[in-house]
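Colleague: Take this sequence and fold it.
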Amino acid sequence: MKKYYIIFILMSFLSCKVHDLSKQDYKKTPKELKEKRIVEDTNTVFYFIRHAQKLNDGSDDSNLSDSGREQVKKYISYFKDKRLDSVFTTNFNRTIQTGVPIAQSKNIYGDFYNPNHVVAEDWIKKHKGQAILIVGHSNTTPHLVNKFIGQMKYMQMMDDNFSDIYRIIISNEKIYEDLLNLEEEVLLQEIHLNGEEKNKNLR
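Modeller: Residues are numbered from 1 along each chain as shown. As a prediction, this is how the structure comes out:
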């Protein structure tokens with residue numbers, strides 16, 4: 001396991017009450033969308049994702065499957081126009097292979113964390129004003145999100161679910177959270193870019 005730690009570090013260097021904001025809240029009017037972007041760009045943001053799809057080889061430390069590596073490319077696309085200051089993963093091949101390419105694509109550092117040792121209040125204080133991606137597992141990711149929002153809202157992810165993005169935005173000591181879907185978000189990005197390209201051609 002030590003060799004993966006070294007590889008991860010080297011690759012990385014190279015390179016309150018909760019107010020629930022649903023997707024519907026985010027997609028009502030251009031003004032609200034603008035306000036949402038301001039909150040996302042200037043305040044503390046935590047993204048929680050599960051590792052991408054792994055090989056079903058019976059190993060406790062499986063690598064990503066080909067489908068999983070394609071999913072990582074989609075995550076890179078999703079975060080392309082978003083601020084990220086650091087990426088944290090557990091010390092497993094599947095989370096490292098998910099988090100490191102994202103960190104490299106943003107030219108930022110990565111580090112390991114232990115889900116059992118995370119104290120939400122400490123992380124919020126330590127990373128105030130930053131945007132942090134935390135890559136975990138089907139059971140640890142929802143559990144951590146519940147810690148950060150202060151309520152038992154999310155259950156363990158289904159075995160075939162590798163696309164949920166839990167987003168927490170902290171603004172003026174208030175915590176906002178929503179649940180996004182990677183496939184939907186990437187599709188929306190493509191539609192937006194295609195629309196911009198058409199408008200560009202019309203000028």
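Colleague: if I pick Gly129, what's in contact with it?
Modeller: Gly129 sits next to 43-44 when contact means CB atoms under 8 Å, 6 or more residues apart in numbering. Where you see a C-beta, it was placed from the backbone N, CA and C, and this is true even at glycine.
Colleague: Please identify the buried residues of stretch 103-110?
Modeller: For stretch 103-110, burial by neighbour count (16 or more other CB atoms under 10 Å) applies to 103-106, 108, 110.
Colleague: now, the most widely separated pair of the residues you listed?
Modeller: Using CB to CB, these span at most 11.5 Å, a distance reached by Ser105 and Gly110.
Colleague: follow-up on the earlier one: now the buried residues of stretch 103-110 in JSON lines, with distance to Asn194, secondary structure and pLDDT?
Modeller: Listed next are the buried residues of stretch 103-110 as JSON lines, based on distance: CB to CB, whole Å; DSSP: H, G, I helix; E, B strand; the rest coil; pLDDT from 0 to 100:
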{"residue": "Ala103", "distance to Asn194": "28", "secondary structure": "helix", "pLDDT": "97"}
{"residue": "Gln104", "distance to Asn194": "27", "secondary structure": "helix", "pLDDT": "96"}
{"residue": "Ser105", "distance to Asn194": "22", "secondary structure": "helix", "pLDDT": "97"}
{"residue": "Lys106", "distance to Asn194": "24", "secondary structure": "helix", "pLDDT": "96"}
{"residue": "Ile108", "distance to Asn194": "28", "secondary structure": "coil", "pLDDT": "95"}
{"residue": "Gly110", "distance to Asn194": "32", "secondary structure": "strand", "pLDDT": "88"}
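Colleague: now the strands for the chain?
Modeller: Taking DSSP state E, the strands of the chain run over residues 18-20, 44-50, 86-89, 109-112, 131-136, 164-171, 174-181.
Colleague: And these, which one averages the lowest pLDDT?
Modeller: Of all the strands of the chain, strand 18-20 carries the lowest average pLDDT, namely a mean of 35.
Colleague: rewinding a little: put together JSON lines for the buried residues of stretch 103-110, with distance to Arg83 on each row.
Modeller: Formatted as JSON lines, the buried residues of stretch 103-110 follow (distance: CB to CB, whole Å):
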{"residue": "Ala103", "distance to Arg83": "13"}
{"residue": "Gln104", "distance to Arg83": "16"}
{"residue": "Ser105", "distance to Arg83": "13"}
{"residue": "Lys106", "distance to Arg83": "9"}
{"residue": "Ile108", "distance to Arg83": "10"}
{"residue": "Gly110", "distance to Arg83": "16"}
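Colleague: Name the nearest of those residues relative to Lys80.
Modeller: Ser105 (7.3 Å).
Colleague: mind listing what the nearest residue to the closest one once chain neighbours are set aside touches?
Modeller: Leaving aside its sequence neighbours, Ser105 sits nearest to Ile76 (CB to CB, 6 or more residues apart in numbering; 4.6 Å). Neighbour list for Ile76: 101-102, 105 [criterion: CB under 8 Å, 6+ apart].
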